[in-house]
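Participant: Attaching a predicted model along with its sequence, questions to come.
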Amino acid sequence: MKKTKDRILDTALELFNNQGLSKTTIRSIANKMGISHGNLNYYYKKREEIIEALYFQLVNRIENTMLQIQIEKTDLSLLLNISSSVITDFYAYRFILIDFGQIIREHDKIKEHYLLLKEVREQQFLNLLNLLIENNVVRSEKLPNEYQNLFKRVHILGYFWIPSIDVLNRKITQKDVNQYSEMMSQLIFPYLTTKGVKQYFSIVQ
């Protein structure tokens, strides 16, 4: 059986995802769990602490996913599988992306971590591309900062595909997850060599 602290996070995640940040309070989380407000406060004094805990839970989930894929994959499938997995992980914690601007403004700890993490992810992305270039899977750059700009496009799609659906005021479905995973994977396609194209179709088909 899960510990109370973990159950609080599970319940909060469900409510944040389904109701949004503005409609979810410490009291509504406690009511959903059937515990007292004071009991919940024993574990988390403020709603901000729950949001921070869920943010770092997401970060750890993505990190573990990336490490596992890196153990199993060594070629183009590494990049494609990471992209698809990140989209899936973001969907599981979608409230963070929907209200990302507000969360960043209100949580200095999250903002500081996110800015550092973005730099780390960019370097990891470029290192992986360099490896694929060495293996003649991805072509060399033809334009200045071409792959840094590719990372920016990947980053924008990853962080803002959920808000782009949310503004349409409709529920995000598994079909959306699949569609945007495909879009993420296709971002790399124009940069593939003949060898890379063959690998791509052997992976996605």
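Facilitator: Alright, I've got the coordinates. Residues are numbered from 1 along each chain as shown.
Participant: in the host helix or strand of Gln148, what's buried?
Facilitator: Taking DSSP states H and E as the definition, Gln148 sits inside helix 146-166. By 16 or more other C-beta atoms under 10 Å, the buried positions in helix 146-166 come out as Tyr147, Leu150, Phe151, Val154, Leu157, Gly158, Tyr159, Trp161, Ile162, Ile165, Asp166. No exception for glycine: its C-beta is placed from N, CA and C like everyone else's.
Participant: Just give the closest residue to the first one, not the sequence neighbours.
Facilitator: Once its chain neighbours are removed from consideration, Tyr147 has its nearest residue in Leu129; the separation is 5.3 Å (C-beta to C-beta, 6 or more residues apart in numbering).
Participant: Buried residues of the host helix or strand of that neighbour, list them for me.
Facilitator: Remark: Leu129 resides in helix 108-134, with elements defined by DSSP H and E. Neighbour-count burial for helix 108-134 flags Ile110, Tyr114, Arg121, Glu122, Phe125, Leu128, Leu129, Leu132, Ile133 (criterion: 16+ other C-beta under 10 Å).
Participant: of those residues, closest to Ile96?
Facilitator: Nearest to Ile96 out of the buried residues of helix 108-134 is Ile110 (C-beta to C-beta; 8.9 Å).
Participant: and the closest one, what is it in contact with?
Facilitator: Residues in contact with Ile110, defined by C-beta atoms under 8 Å, 6 or more residues apart in numbering, are Ile51, Glu52, Tyr55, Ile103, Ile104.
Participant: do the same with Gln148
Facilitator: Glu122, Leu126.
Participant: how close does it get to Phe160?
Facilitator: In this structure, Gln148 and Phe160 are 18 Å apart, going by C-beta to C-beta, to the nearest Å.
Participant: any idea which residue sits dead centre in this protein?
Facilitator: Phe90 (3.7 Å; C-alpha atoms, centre = their mean).
Participant: Name the surrounding residues that touch the helix or strand that contains that one.
Facilitator: Using DSSP H and E, Phe90 sits in helix 76-92. Here helix 76-92 makes contact (C-beta under 8 Å, 6+ apart) with 13, 58, 61-62, 65-66, 69-70, 73, 96-97, 128-129, 132, 137, 154, 158-159, 161-162, 172, 177, 180-181, 184-185, 187-188, 192, 196, 199-200, 203-204.
Participant: tell me the average confidence for the helix or strand hosting Gln102?
Facilitator: Remark: Gln102 resides in helix 100-106, with elements defined by DSSP H and E. Taken as a whole, helix 100-106 has an average pLDDT of 93.
Participant: Per the annotation, how does the protein divide into domains?
Facilitator: Domains of the chain are assigned by automatic domain parsing as 1-45, 48-204.
Participant: in the worst-scoring helix or strand of the chain on mean pLDDT, what's buried?
Facilitator: The helix or strand of the chain with the poorest confidence is helix 47-72; it has a mean of 88 (mean pLDDT, DSSP states H and E). Buried residues in helix 47-72, counted by 16+ other C-beta under 10 Å: 47, 50-55, 57-59, 61-62, 65-66, 69.
Participant: ok, back up a step: what packs against the helix holding Gln102?
Facilitator: With contacts defined as 3 or more C-beta pairs under 8 Å, 6 or more residues apart in numbering; DSSP states H and E, helix 100-106 has these neighbours: helix 47-72, helix 108-134.
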